[in-house]
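**Student:** just the structure for this:
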Amino acid sequence: MSKKIKSNLSSFESDLKMMQKILEEIETKDLSLEDVIDKYKQGIELSKKCQKALEEAEQKIKEVDQIKK
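**Tutor:** Below you'll find the predicted structure:
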């Protein structure tokens, strides 16, 4: 499980940057509706990955807190 957490956390920042890039493209480029929908889907998938990474980080912090007590 430790490897999975490390993997999700290490990709968190790059996933977040990709979400920001997607949002910028949607806002600034003249995209077709189909392209906007595709970008939106990509953003949603990245958002889910980021949320999962945050949940795993929270769990890891709780585990470390338990060790300290």
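
**Student:** in the least confident helix or strand in the chain by mean pLDDT, what's buried?
**Tutor:** Confidence across the helices and strands of the chain bottoms out at helix 2-28, with a mean of 83, counting by mean pLDDT, DSSP states H and E. Of the residues in helix 2-28, those buried by neighbour count under the rule 16 or more other C-beta atoms under 10 Å are 8, 12, 15, 18-19, 22. For the C-beta atoms, the positions are set from N, CA and C on the backbone; glycine is no exception.

**Student:** and the residue nearest the centre of the protein?
**Tutor:** Nearest to the mean C-alpha position of the chain, by C-alpha atoms, centre = their mean, lies Cys50 at 2.4 Å.

**Student:** and stretch 10-19, how far out from the chain's middle?
**Tutor:** Mean-position distance between stretch 10-19 and its chain equals 6 Å (C-alpha atoms, centre = their mean, to the nearest Å).
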